[in-house]
Each structure stands twice: as structure tokens, then as C-alpha cells.
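Chemist: This is a predicted model, with the sequence first.
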Amino acid sequence: GAGVSQSPRYKVAKRGQDVALRCDPISGHVSLFWYQQALGQGPEFLTYFQNEAQLDKSGLPSDRFFAERPEGSVSTLKIQRTQQEDSAVYLCASSQDRGRNRELFFGEGSRLTVL
Amino acid sequence: AQSVTQPDIHITVSEGASLELRCNYSYGATPYLFWYVQSPGQGLQLLLKYFSGDTLVQGIKGFEAEFKRSQSSFNLRKPSVHWSDAAEYFCAVAATAGKSTFGDGTTLTVKP
């Protein structure tokens, strides 16, 4: 597609529910990143894929967070047993990530509110 | 470990005035540096990037930034601010491949 697409744009979950957030990157972009952005903060790194391989998941805050990219294209970020502190905007970005082309192309984000 | 500091949380300038947003980074090697802009409810958009070579880089919307290795800085500038420049601005540093680390951002308000 022309840009990075994320769905849903808004998600309200009750505490304890599981949620799944989808990211459709720019076609041909090898790398895909998930970031978490709390109100008034900069994006915080969660995890990074190169094709289908998850090369870095050091930013995932707990084992309730899980991400996958099984065919090297679309990615899903899953949060199990959501807690109020999970409320944030979840940003997905893709990149060619080689040579001089390392800038990130961001989607509009998925805003998660946990009640 | 890489890190970014944006010392100014909020800056207000008058329309037509010049702008400088500060960014300091920490990274062991020659960094890849970026400035992104975020409007409310939107994702981040790249303004400009630095990898090597000329330390003064030009970006979109009339923005420029200067890399100063001795000061570990990558400040963003614009000679004349427009009302549409009001947004949040993020500086980021990246290793050769993999994740970018972002500062906490500077919110720009433009007075008429």
C-alpha cells in the first residue's frame, strides 16, 4: 500500500481482556517496528522484525505482550490480560532499513484505552 | 546504549520568527540522526535525516538541522515559522540497523 496502515485506530478494553493490534507495512519494506507512546512522551521501542524474524524484543514490557509477523509482511501485536498501564498509542513503523534508507514510516497508531 | 535528550518541553514563537529546537544524543559511534514531526492524532513524519557527509542537512517544509559531533547535538532550525508548523517535534538516533531511540519531544506553539 501507499503507507503504513494500522487497525483498529481506537480500542477500548476492559481490564483483563486480550487485544490484538494489526499493522500493514509499506510493500517491500523489510523491517517493521512497534513502538508504544504514552501521553506526553516520545515513542518507546517495543520490538523489531526483519522479514519474519523477530530480531529484538527487548522493549516488550512483560510476557503479556507478544508480536508476530509470520509471512514477513503484516504484523500483529497482542496484549494479553490488559492492565490500565497498557493504555497508550501503539505505533507501527516500517523501513527499508539498509544503506542510507533507515528512516521510519509510521502509521497513525492504535489508541488503546483500558478501563 | 543510545539516548536522546530534548531539553525544551515546550516552545512558543511568533509567526514569522526564527526557530531552533535543541537535540543532544548519546551514541558510541557515528550516529544516524532524524527529526520527525507529529500533528495531533497523527503518526510521525520524517522532516530530515543525517548519516554522513555535509553536517548541514536540508529537509522538507523549509527545515534544516546541523550535526555537531563535538557537542553531540543535532539542532533543528527554521528561518521563518508558519502557523501550520505548530506540532510536536521528535529527535531520534539509530544504530546502523535496528531500532531508533526517540527523545520526549518538543511541543511548538505558534502565536499569530
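Modeler: Nice, thanks for sending it over. For clarity, every value in this text was computed on a predicted model and none was experimentally measured.
Chemist: Can you pull out the low-pLDDT segments for chain B?
Modeler: B:96-97 (pLDDT under 70).
Chemist: for it, what spans make up the helices?
Modeler: Applying DSSP state H to chain B gives no helices.
Chemist: Can you give me the distance of the residue nearest to the spatial centre of chain A to chain B?
Modeler: For chain A, the residue nearest the mean C-alpha position is residue A:34 (3.1 Å; C-alpha atoms, centre = their mean). Separation of residue A:34 from chain B (C-beta to the nearest C-beta, to the nearest Å): 10 Å. (Each C-beta comes from the backbone N, C-alpha and C, glycine too.)
Chemist: pLDDT value on the residue nearest to that residue when sequence neighbours are not counted, please?
Modeler: Spatial nearest neighbour of residue A:34, chain neighbours left out: residue A:46 (4.2 Å); criterion: C-beta to C-beta, 6 or more residues apart in numbering or on different chains. We have a pLDDT of 96 for residue A:46.
Chemist: now residue A:101
Modeler: Residue A:101 is given a pLDDT of 73.
Chemist: Now for the closest residue to it other than its chain neighbours, how many residues are close by?
Modeler: Excluding its sequence neighbours, the residue lying closest to residue A:101 (C-beta to C-beta, 6+ apart) is residue A:95, at 7.2 Å. Counted by other C-beta atoms under 10 Å in any protein chain shown, the residues lying close to residue A:95 total 24.
Chemist: before we move on, what about residue B:9?
Modeler: Residue B:9: 10 surrounding residues under other C-beta under 10 Å.
Chemist: I figured the residue nearest to residue A:34 was touching residue A:62, is that so?
Modeler: No: counting by C-beta atoms under 8 Å, residue A:46 sits too far from residue A:62 to count as a contact (11.1 Å).
Chemist: Any idea which residue is closest to the centre of chain B?
Modeler: Note: chain B centre (C-alpha atoms, centre = their mean) maps to residue B:35, 3.6 Å.
Chemist: quick one: contacts for the nearest residue in space to that one that is not next to it in sequence?
Modeler: Nearest non-adjacent residue to residue B:35, counting by C-beta to C-beta, 6+ apart: residue B:47, 4.4 Å away. By C-beta atoms under 8 Å, 6 or more residues apart in numbering or on different chains, the residues touching residue B:47 are B:34-37, B:59-61, B:63, B:76, B:89.
Chemist: From residue A:26, how far out is the spatially closest residue to residue B:3 that is not a sequence neighbour?
Modeler: Nearest non-adjacent residue to residue B:3, counting by C-beta to C-beta, 6+ apart: residue B:26, 4.5 Å away. Noted for residue B:26: a distance of 30 Å to residue A:26, by C-beta to C-beta, to the nearest Å.
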